[in-house]
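S.K.: Output the structure for:
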Amino acid sequence: PLLWGCALALQGRMLYPRETPSRERKELDGLWSFRADFSHNRRRGFEEQWYRRPLRESGPTLDMPVLSSFNDISQDWRLWDFVGWVWYEREVILPERWTQDLSTRVVLRIGSAHAYAIVWVNGVDTLEHEGGYLPFEADISNLVQVGPLSSQLRITIAINNTLTPTTLPPGTIQYKNDTSNYPKGYFVQNIYFDFFNYAGLQRSVLLYPTPTAYIDDITVTTSVEHDSGLVNYQISVKGSNLFELEVRLLDAENKLVANGTGTQGQLKVPGARLWWPYLMHERPAYLYSLEVRLTAQTSLGPVSDFYTLPVGIRTVNVTKSQFLINGKPFYFHGVNKHEDADIRGKGFDWPLLVKDFNLLRWLGANAFRTSHYPYAEEVLQMCDRYGIVVIDECPGVGLELPQFFNNVSLQNHMRVMEEVVRRDKNHPADLELLTSGDPPASKLCLLPFVDRMAIAHTKALDPSRPVTFVTRSNYAADKGAPYVDVICVNSYYSWYNDFGHLELIQRQLATQFENWYKTYQKPIIQSEYGAEAIVGFHQDPPLMFTEEYQKSLLEQYHVVLDQKRRKYVVGELIWNFADFMTEQSPTRVLGNKKGVFTRQRQPKSAAFLLRERYWKIANETRYPYSIAKSQCLENSPFT
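M.R.: Numbers count the residues shown, from 1 in each chain. Next up, the predicted model:
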């Protein structure tokens with residue numbers, strides 16, 4: 001039988017807006033008008049209804065680039081750590097055919113708006129969304145296909161970056177009531193995670209048309225039977241009950257390998273080329289194309305819609321001691337990452353992304369964790385193309401206080417996981433769903449929150465992927481491990497614990513692994529480890545914050561990881577891939593120095609140590625198609 005976990009559990013679509021013969025994209029990236037509401041209660045924009053007329057008519061505006069966080073763009077120091085409502089506006093001219101052809105449907109899509117957003121189109125309240133790292137959209141056809149000026153569009157977006165006990169990630173607002181030291185109403189935002197709370201329109205805003213009868217959603221799962229690949233599909237159509245669907249699967253050379261019809265079915269691909277991670281096959285990341293063509297009858301006549309979905313055929317399974325991809329043992333040798341960068345904050349940046357992937361491949365990394373929030377959709381697309389495995393994390397980080405665990409928080413957490421699965425369910429590189437990062441899992445209040453509800457809910461949404469969360473608690477006190485498929489453990493021996501004592505690492509790390517495995521009999525990933533280092537700071541014997549200390553700490557970890565990876569440890573993700581911006585840093589340029597690369601992407605000794613190790617692991621694993629090390633080192637950018 002075919003299992004449609006995603007399709008049964010989720011209602012509504014989130015197909016990536018691709019250009020096809022029936023669909024276009026009008027990207028609204030560029031300069032937007034911008035204003036922060038500096039009023040005492042941050043509510044002046046609503047009281048004066050700034051959305052009813054052009055923003056410039058109610059006061060001065062700034063040019064604000066989209067895509068970017070607003071925090072570091074201006075010379076106005078008040079925006080650096082501003083908390084409250086900010087307003088964006090963009091005026092757009094639509095193609096005439098979008099507004100005159102009533103068989104066309106026009107959709108406004110916002111890639112992300114951190115953390116709560118309200119959207120108006122021509123002054124009309126159109127949609128709202130809570131959550132800063134996932135896309136949302138609305139059909140605005142009824143607003144743009146009426147009147148003589150329907151092609152002129154004014155989009156206004158109000159965004160509030162305030163973190164509360166029920167947001168993800170959570171936070172608290174602290175009012176300073178001592179009027180002898182603080183102005184009346186003065187407050188600060190308290191956060192409980194170690195990265196800066198960047199905000200704004202940080203991913204693309206765009207418009208795209210579809211026919212009024214359209215392909216609403218596609219869900220794909222894959223399996224392997226002998227030498228054949230099986231592609232199970234389910235398609236949702238909206239706007240008409242009278243339609244036909246043609247489904248075609250093309251290989252990388254655009255040759256037809258299988259075809260079908262109808263809203264669900266199974267395509268069999270004899271001699272299928274499987275999707276393999278980087279360094280696990282001579283041709284990793286092989287992608288097919290699933291072409292779906294809709295022909296429908298509407299009240300205005302026949303229409304057609306067309307959508308193409310990249311598909312990777314692969315299987316994922318977990319045993320008591322192994323993580324299997326296509327039946328072969330897989331070892332995560334990778335990194336943790338952030339989307340932070342100079343000036344742009346968390347604004348999506350193609351050059352930066354491509355550079356990161358080139359560095360990952362040079363490093364020999366085959367995986368990363370999206371610490372501590374879902375990354376842009378384009379990041380996962382790159383992972384599909386390059387064979388880089390993703391542990392897809394929701395923004396459930398900083399769950400430190402008892403007031404962060406209540407029914408509203410739980411509902412938000414479950415809703416976010418629904419949005420993550422809806423968006424990312426078809427990515428072959430997305431192999432594991434992470435419900436939260438660094439929760440204090442020893443707290444009894446977390447038991448109904450993450451352990452049973454969020455994890456069970458996520459498994460019901462997508463039974464095709466393993467589910468986990470990252471823990472930093474003691475194995476005996478942990479409340480979540482019984483419910484996950486893989487145990488992810490963070491540890492910083494000789495850094496946050498027994499700092500300076502490198503001689504304790506091997507004993508403490510080995511004890512950690514043995515206790516976790518003896519208790520739960522599940523594969524383990526060392527999901528974080530590392531030490532900070534200041535580039536150019538040297539001392540021998542090693543001293544904390546020197547490059548030598550960072551290198552020595554990693555070497556001690558690697559001794560134990562090598563012992564255990566032949567048994568039940570299935571991965572290691574160093575913290576962190578690159579330095580990133582933190583709330584504590586005065587400049588936010590070198591806020592966290594636990595990166596193997598600096599923000600200028602210059603290699604440090606840790607990067608070369610890790611590079612040598614990861615290439616060694618790839619060859620020692622003896623995958624049947626493993627690439628020779630010398631073959632991959634020829635074009636090193638750093639030799």
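S.K.: ok, residue 223 to residue 192 distance?
M.R.: Distance of residue 223 to residue 192, given as CB to CB, to the nearest Å: 41 Å. Bear in mind the C-beta positions are built from the backbone N, C-alpha and C, glycine included.
S.K.: for residue 539, same thing?
M.R.: To residue 192, residue 539 is 33 Å away according to CB to CB.
S.K.: Between these two, which is the more surrounded one?
M.R.: The neighbour comparison of residue 539 against residue 192 (other CB atoms under 10 Å) goes to residue 192, with 16 against 12.
S.K.: The residue nearest to that one when sequence neighbours are not counted: neighbour count?
M.R.: Nearest residue to residue 192, sequence neighbours excluded (CB to CB, 6 or more residues apart in numbering): residue 398, at 3.6 Å. If you count neighbours by other CB under 10 Å, residue 398 ends up with 23.
S.K.: from what I can see residue 398 touches residue 169, true?
M.R.: Yes. Here residue 398 reaches residue 169: they are 4.5 Å apart, a contact under CB atoms under 8 Å.
S.K.: overlap in contacts of these two?
M.R.: Common neighbours of residue 398 and residue 169, counting by CB atoms under 8 Å, 6 or more residues apart in numbering, are 191, 192, 193.
S.K.: is it possible to export those residues to CSV including distance to residue 72 and secondary structure?
M.R.: Shown next, in CSV, are these (distance: CB to CB, whole Å; DSSP: H, G, I helix; E, B strand; the rest coil):
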residue, distance to residue 72, secondary structure
191, 17, strand
192, 22, coil
193, 19, coil
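S.K.: returning to that earlier point: the residue nearest to residue 192: what's it in contact with?
M.R.: 169, 170, 171, 191, 192, 193, 404, 438.
S.K.: how about CSV for those, with distance to residue 253 and pLDDT added?
M.R.: As requested, the contacts of residue 398 are exported to CSV (distance: CB to CB, whole Å; pLDDT from 0 to 100):
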residue, distance to residue 253, pLDDT
169, 45, 94
170, 49, 95
171, 51, 96
191, 50, 93
192, 51, 91
193, 46, 91
404, 51, 89
438, 45, 66
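S.K.: And the furthest pair within the residues you listed?
M.R.: 171 and 438 (14.9 Å; CB to CB).
S.K.: Could you list the domains of this structure?
M.R.: The chain resolves into domains spanning 26-161+197-209, 212-311, 324-619 when parsed by the TED database.
S.K.: Buried deepest among those, which one?
M.R.: domain 324-619 (a mean of 20; mean count of other CB atoms under 10 Å).
S.K.: Distance from it to the middle of the chain?
M.R.: Here domain 324-619 is found 13 Å from its chain centre; the criterion is CA atoms, centre = their mean, to the nearest Å.
S.K.: From start to finish, how long is that domain in a straight line?
M.R.: The straight-line separation of the ends of domain 324-619 (CA to CA, to the nearest Å) is 17 Å.
S.K.: next one: stretch 383-392
M.R.: Across stretch 383-392, first to last residue, CA to CA, it's 12 Å.
S.K.: now do stretch 528-537
M.R.: Note: stretch 528-537 ends 23 Å apart using CA to CA.
S.K.: what sits up against that stretch?
M.R.: 336, 470, 490-495, 544-547, 549-550, 553-554, 557, 572-576, 592-594, 598, 602, 604, 606.
S.K.: Please repeat the previous calculation with a cut-off of 6 Å.
M.R.: With contact meaning CB atoms under 6 Å, 6 or more residues apart in numbering, stretch 528-537 is reached by 490-491, 495, 545-547, 550, 553, 557, 574-575, 593-594, 598.
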